[in-house]
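Visitor: Generate a structure from the sequence data that follows.
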Amino acid sequence: MSQLTEIIEILSTRGHQQYGGEPVSQLEHALQCAFLAEQADASQAMIIACLLHDFGHLVDNLGETNAERGCHEHRCLKWLKPLFDESVTEPIRLHVEAKRYLCHVDLNYFNTLSDASKLSLKLQGGVFSEQEALNFIHQPYASEAIQLRRWDEQAKIPHLQTPSLEDYFSILIEFNSTVQTIDFLKQLRHANGCQSGD
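Guide: Numbers count the residues shown, from 1 in each chain. Purely as a prediction, here's the structure:
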């Protein structure tokens with residue numbers, strides 16, 4: 001089984017866990033975030049980053065206590081870096097810091113956070129200081145991480161109709177030159193069926 005096939009299988013099976021204290025599952029959240037990027041005519045890299053930004057929650061069996069454990073944005077990188085370049089992995093790595101940054105520079109942003117997201121903010125280090133904010137915004141892909149973060153906060157709507165996980169296969173295959181399409185599709189036949197984002 002290729003690593004990309006394994007990632008998709010994990011999303012399609014473990015993705016039905018509840019997304020922390022939010023009213024959606026991990027997979028629903030991922031699909032909603034990717035759909036928001038797609039509707040905004042974002043790049044393929046950003047759509048993939050949105051789809052996989054919380055994959056780290058699923059690969060360590062963190063379940064509902066994931067916010068208390070933290071570091072999901074780093075945990076997923078050993079899975080993603082062999083498959084995708086920095087245009088995908090860096091916005092993912094930085095998306096937690098982007099929340100801390102936005103709470104520093106945008107007084108209204110904090111009020112848009114769900115209760116679960118406010119809790120995780122405290123556990124992730126709280127609002128950035130002025131110096132931390134300056135250090136963050138000068139990093140490559142900081143602006144992409146900020147945009148991902150804004151879609152992240154919006155992608156928590158129960159029962160929202162979205163494309164299914166299968167609808168993103170073509171983008172994943174096209175972007176990832178290490179995967180042979182025929183082998184990938186054959187392997188998916190042996191993986192668990194993927195559910196839509198209904």
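Visitor: Tell me the confidence at the most centrally placed residue in the chain?
Guide: Centroid-nearest residue in the chain: residue 53, 1.8 Å away (criterion: Cα atoms, centre = their mean). pLDDT, residue 53: 94.
Visitor: Could you check which helix or strand contains the spatially closest residue to it that is not a sequence neighbour?
Guide: Nearest in space to residue 53, with sequence neighbours left out and distances taken as Cβ to Cβ, 6 or more residues apart in numbering, is residue 92 at 4.8 Å. Quick note: C-beta positions are derived from backbone N, CA and C, even for glycine. Assigned by DSSP states H and E, residue 92 belongs to helix 86-105.
Visitor: in the host helix or strand of residue 12, what's buried?
Guide: Per DSSP H and E: residue 12 is located in helix 3-13. By neighbour count, and taking 16 or more other Cβ atoms under 10 Å as the criterion, the buried residues in helix 3-13 are 4-5, 7-13.
Visitor: got it, and stretch 73-82?
Guide: By 16+ other Cβ under 10 Å, the buried positions in stretch 73-82 come out as 73, 75-77, 79-80.
Visitor: residues making contact with that stretch?
Guide: Outside of stretch 73-82, the residues within contact range by Cβ atoms under 8 Å, 6 or more residues apart in numbering are 3, 7, 52-56, 59-60, 88-89, 92-96, 178.
Visitor: Please pick the buried ones from those residues.
Guide: Buried among those (16+ other Cβ under 10 Å): 7, 52-56, 59, 88-89, 92-96.
Visitor: which of the residues you listed lies closest to residue 40?
Guide: Proximity of the buried ones among the contacts of stretch 73-82 to residue 40 (Cβ to Cβ) peaks at residue 53, which lies at 15.2 Å.
Visitor: quick one: contacts for the closest one?
Guide: 30, 33, 73, 91-92, 95, 148, 152.
Visitor: of those residues, the lowest pLDDT goes to which?
Guide: Lowest pLDDT among the contacts of residue 53: residue 73, with 75.
Visitor: Quick check: which element contains that residue?
Guide: Using DSSP H and E, residue 73 sits in helix 72-75.
Visitor: Lowest-scoring secondary structure element of this structure by mean pLDDT?
Guide: helix 66-69 (a mean of 45; mean pLDDT, DSSP states H and E).
Visitor: And for residue 27, the neighbour number?
Guide: Per other Cβ atoms under 10 Å, the neighbour tally for residue 27 reads 26.
Visitor: typo on my end, residue 163
Guide: When neighbours are counted by other Cβ under 10 Å, residue 163 registers 14.
Visitor: now it, what's its secondary structure?
Guide: coil (DSSP: H, G, I helix; E, B strand; the rest coil).
Visitor: surely it meets residue 31?
Guide: Yes: using Cβ atoms under 8 Å, residue 163 is in contact with residue 31, at 6.7 Å.
Visitor: Residue 72 and residue 53, how far apart?
Guide: Separation of residue 72 from residue 53 (Cβ to Cβ, to the nearest Å): 9 Å.
Visitor: Which element, helix or strand, includes the closest residue to residue 51 other than its chain neighbours?
Guide: Nearest non-adjacent residue to residue 51, counting by Cβ to Cβ, 6+ apart: residue 34, 4.0 Å away. For residue 34, the element it lies in under DSSP H and E is helix 26-39.
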